[in-house]
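>>> Output the structure for:
(chains A and B)
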Number of protein chains: 2
Amino acid sequence: MMTLTSERVLSIQSHVVFGYVGGKAAVFPLQLLGYDVDVVNTVNYSNHAGYGRSGGTKTTAAELDSIFQAMELNELLLPTRLLTGYIPGAEALSAVAKLASKLRRSRPSMTYLLDPVMGDAGRLYVAPDVVPVYKDMLPLATIITPNWFEVELLTDVTLKDIPSLHRALDILHKQYRVPNVVISSIPLNGWLAAALPSSILPPSATASTHLLCISSSLPSSALQSSHLYASDTTRSIVHAQCVPLIPGYFSGVGDLFSALLLAHFHQDQTPENVAASPLSEAVSQALTKTHAVLLVTQAQAEALPEEERLPTDDELDKEYPLRKTRRMRGRELALVKGQDVIRGRGHAHVREMMLWDGFWDTR
Amino acid sequence: MMTLTSERVLSIQSHVVFGYVGGKAAVFPLQLLGYDVDVVNTVNYSNHAGYGRSGGTKTTAAELDSIFQAMELNELLLPTRLLTGYIPGAEALSAVAKLASKLRRSRPSMTYLLDPVMGDAGRLYVAPDVVPVYKDMLPLATIITPNWFEVELLTDVTLKDIPSLHRALDILHKQYRVPNVVISSIPLNGWLAAALPSSILPPSATASTHLLCISSSLPSSALQSSHLYASDTTRSIVHAQCVPLIPGYFSGVGDLFSALLLAHFHQDQTPENVAASPLSEAVSQALTKTHAVLLVTQAQAEALPEEERLPTDDELDKEYPLRKTRRMRGRELALVKGQDVIRGRGHAHVREMMLWDGFWDTR
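Down below sits the predicted model:
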């Protein structure tokens, strides 16, 4: 009775006026793929932080509560899917956690993709008290998309070899009961490359030519509705893929990837490929389209006049802040220009996630 | 040097989490039509006012200034087109007016569509001190899209016969120097129907079957860059069309129409049809697509279970507020489902604006 359209996403993340990060990177792709999207802005900024300077404000926990309450009273909390991203303060995140928990209770079949946006490459860009709130939220999620650093923050495991990776995934799947974990953009460290089956590792791949993406999902036999009863011996199915690295720093890539992953995830559809899982299928689609959008973005950036694409140079950037600004501007995701790619037209090469057979037996 | 993509719209209007009014009705269509859109939210509400209850807050003038200043310092004020809609307070509107004036000075060729959202059918839904600010802003606009009531507010002319309509358009074109005026959704009053040429008035059209849309543009010979030097004898070119009325109240229709009008307006393209103007061509496109989206919306609403589409009944609505809420929800614009229509695929019948020959000689 409550379903107005077949599928409806509630997206809770940042808003920027200019450029494509957070909701600006997620909402348009979801709409293109046929989802009605309810859009909650956790900040209203002029632009992303990479520009070095921005205007606008964060949305307070009280403002979020006021929005959620009115939606509840008006019977407008109808998402079949939930997507949460950048929420910079613990108080605001707690308001979102309360809502997510309420939605999960009333809609056990809801697909919740939680992107625990906290930092990257050892640097935290939210308040430290956000970390424990995310830990508490993990059992609500259907899929999480932490980066390498965020896996370490959530599990308190330092990822330095295959046993530590086993330990971290075990904590996420069993202690936090997350059925689906996707870690994209992993630096292809030596120990990882050494452990990868040759079917996954391209011949001359190195940390400077490729990134690794790993997905890990519990077999559906281990899931009962939204609750997970995985025994100690249950092992997840792991897939991986090495993605060619596109040089230069682009913002919003993770937000686009998570939105595409949520859009393409269909728990109840059995993939044609017997080596695939519903998760690995969705990751393949999301990687394929994200990579294709980056190629359009790169081509657009390269067509700019020289002063718009000055290389990174910390000293010069400090002296002439507009150098950095112009570089950032030229690297905003080409979502509008690349919309056919997102719709699934015009890209040929599908980046298929490969089964990492024997992952749990690797030492 | 400053143009990153061919066309970039700065959209300044309301944001709602659920449903499609303001920016939610405008941004997606503009993106579908190939525009990068910079999105400033003048309010962050849970839903539109028609639901009777909403959560969230208005963006203050100080917050808007903070965003605009950061964008200026970061060289991110790059729109080739400007679109302003619902801005509920005079202070916030003044901040937008200051920005619009600055952009107009630095980019004389910028197309500015100003939708002076103030009220409808005799009821004001902004603070009264907003009206004089809009009057001051009119000379900055390339196109304005007031409704019938807003024309009266802006010109202080009561529209009751053809001479008063002449007077109002003269004030907008000459006193306020607006080159393009579009008034859509005009009730087809008896005096209007009587004055319409038979080429425009369908045989049995009445106020309960049709709405009228009028566009009025000054000939390009009267325009020099963005400034207008219309002599007292300059007469505008007027087009009109009767649009079949779709029963029921839909929100966000004007916002969608204005966005489509801006997207399709090309001042420098001479229409193939000699009776058309760049404005009338764009209005034809915008009316065609808006009407087609409404048909998709209507079909979607009619497919809902009965309790989602209870008819308006003020007494029952008062007793059971969720009656109204559910009705509103079922009538949210079907933008996502109707995206092919917006892209220009799948609609057959083009609603062509017809030249109203002899308009200025009508008494």
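
>>> which residues touch the residue of the stretch 101-250 of chain A found nearest chain B?
When distances are taken as C-beta to the nearest C-beta, the stretch 101-250 of chain A approaches chain B most closely through A:Leu103, which lies 13.9 Å from it. Backbone N, C-alpha and C define where each C-beta goes, glycine included. By C-beta atoms under 8 Å, 6 or more residues apart in numbering or on different chains, A:Leu103 lies in contact with A:10, A:77, A:79, A:82, A:110, A:112.

>>> Likewise for A:Val293?
Applying C-beta under 8 Å, 6+ apart, the residues contacting A:Val293 are A:256, A:333-335, A:338, A:341-342.

>>> burial of A:His291, as a residue count?
Other residues near A:His291 number 18, with proximity taken as other C-beta atoms under 10 Å in any protein chain shown.

>>> Show me the helices in chain A, by range?
A:23-32, A:61-73, A:90-106, A:130-137, A:148-155, A:162-170, A:190-195, A:253-264, A:278-302, A:314-319, A:321-330, A:339-342 (DSSP state H).

>>> Out of these, which gets the lowest mean score?
For these, the bottom mean pLDDT is recorded on helix A:314-319, which sits at a mean of 83.

>>> about what we covered before: now do the residue of the stretch 101-250 of chain A closest to chain B against A:Leu78, distance only.
10 Å (C-beta to C-beta, to the nearest Å).

>>> ok, now A:Ile246?
From A:Ile246 to A:Leu78 the distance is 38 Å (C-beta to C-beta).

>>> hmm, back to that, restricted to strands, list the contacts of A:Leu103.
Secondary-structure check on those using DSSP state E: residues within strands are A:10, A:82, A:112.

>>> Leaving out chain neighbours, which residue sits closest to the last one?
Among residues not flanking A:Tyr112 along the chain, A:Leu82 sits closest, at 4.4 Å (C-beta to C-beta, 6 or more residues apart in numbering or on different chains).

>>> do the same with the first one
Spatial nearest neighbour of A:Leu10, chain neighbours left out: A:Pro79 (3.7 Å); criterion: C-beta to C-beta, 6+ apart.

>>> Among the contacts of A:Val293, name the ones that also lie close to chain B.
If you filter those for contact with chain B, counting by C-beta under 8 Å from any C-beta of the partner chain, you are left with A:Leu335.

>>> could the contacts of A:Val293 be laid out in TSV, adding neighbour count?
Putting these into TSV (neighbours: other C-beta atoms under 10 Å in any protein chain shown) gives the following:
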residue	neighbour count
A:Leu256	26
A:Leu333	26
A:Ala334	23
A:Leu335	25
A:Gly338	23
A:Val341	22
A:Ile342	24
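
>>> Out of the contacts of A:Val293, which is nearest to A:Gln175?
Within the set of the contacts of A:Val293, A:Leu256 lies nearest A:Gln175; the separation is 29.6 Å, counting by C-beta to C-beta.

>>> what's near enough to touch the closest one?
Each residue near A:Leu256 by C-beta under 8 Å, 6+ apart is listed here: A:20, A:25-26, A:29, A:290, A:293, A:333, A:335.

>>> Please apply the same query to A:Ser199.
A:Ser199 makes contact with A:Met354 under the criterion C-beta under 8 Å, 6+ apart.

>>> Got phi/psi on it?
Reported as degrees, to the nearest 10, the phi and psi values for A:Ser199 are phi -70, psi -20.

>>> Over to the one 5 residues further on?
For A:Ser204, the backbone dihedrals are phi -110, psi 30 (criterion: degrees, to the nearest 10).

>>> Report how many residues lie close to it.
Close neighbours of A:Ser204, defined as other C-beta under 10 Å, add up to 7.

>>> what about it, distance to B:Ser66?
Here A:Ser204 is placed at a distance of 49 Å from B:Ser66 (C-beta to C-beta).

>>> gap between the residue nearest the centre of chain A and A:Glu281?
For chain A, the residue sitting closest to the mean C-alpha position, by C-alpha atoms, centre = their mean, is A:Ser258 at 3.4 Å. Remark: distance between A:Ser258 and A:Glu281 (C-beta to C-beta) = 16 Å.

>>> Bridged to the residue nearest to A:Tyr112, which residues?
Beta-bridge partners for A:Leu82, by DSSP bridges, are A:Leu10, A:Tyr112.

>>> Wait, it touches A:Asp115, no?
No. A:Leu82 lies out of contact with A:Asp115 (C-beta atoms under 8 Å); the separation is 11.1 Å.

>>> A:Gly23 is in contact with the residue nearest to the centre of chain A, correct?
No. The pair A:Ser258 and A:Gly23 does not pass the contact test of C-beta under 8 Å, sitting 11.5 Å apart.

>>> which residues do those two both contact?
Shared contacts of A:Ser258 and A:Gly23 (C-beta under 8 Å, 6+ apart): A:Gly85.

>>> hang on, the earlier thing: between the helices of chain A, which one is closest to B:Gly52.
Proximity to B:Gly52 (C-beta to C-beta) singles out helix A:61-73 among these, at 9.9 Å.

>>> How about that closest one and chain B, any contact?
Yes. With C-beta under 8 Å from any C-beta as the criterion, chain B is reached by helix A:61-73 at A:63, A:66-71, A:73.

>>> now those: which count as buried?
Burial by neighbour count, judged by 16 or more other C-beta atoms under 10 Å in any protein chain shown, picks out A:63, A:66-68, A:70-71, A:73 from the residues of helix A:61-73 next to chain B.

>>> tell me which of those is nearest to B:Thr312?
Ranking these by separation from B:Thr312, with C-beta to C-beta as the measure, puts A:Leu73 on top at 20.2 Å.

>>> and stretch A:88-95, how far from the chain's centre?
For stretch A:88-95, the distance between its averaged C-alpha position and the chain's averaged C-alpha position is 19 Å (C-alpha atoms, centre = their mean, to the nearest Å).

>>> thinking again about what came up before, among A:Ile246 and A:Leu78, which residue is more densely surrounded?
For A:Ile246 versus A:Leu78, the count of surrounding residues by other C-beta under 10 Å is larger for A:Leu78: 18 against 14.

>>> picking that back up, relative to chain B, which of the contacts of A:Leu256 is nearest.
Using C-beta to the nearest C-beta, A:Leu335 comes nearest to chain B of the contacts of A:Leu256, at 7.8 Å.
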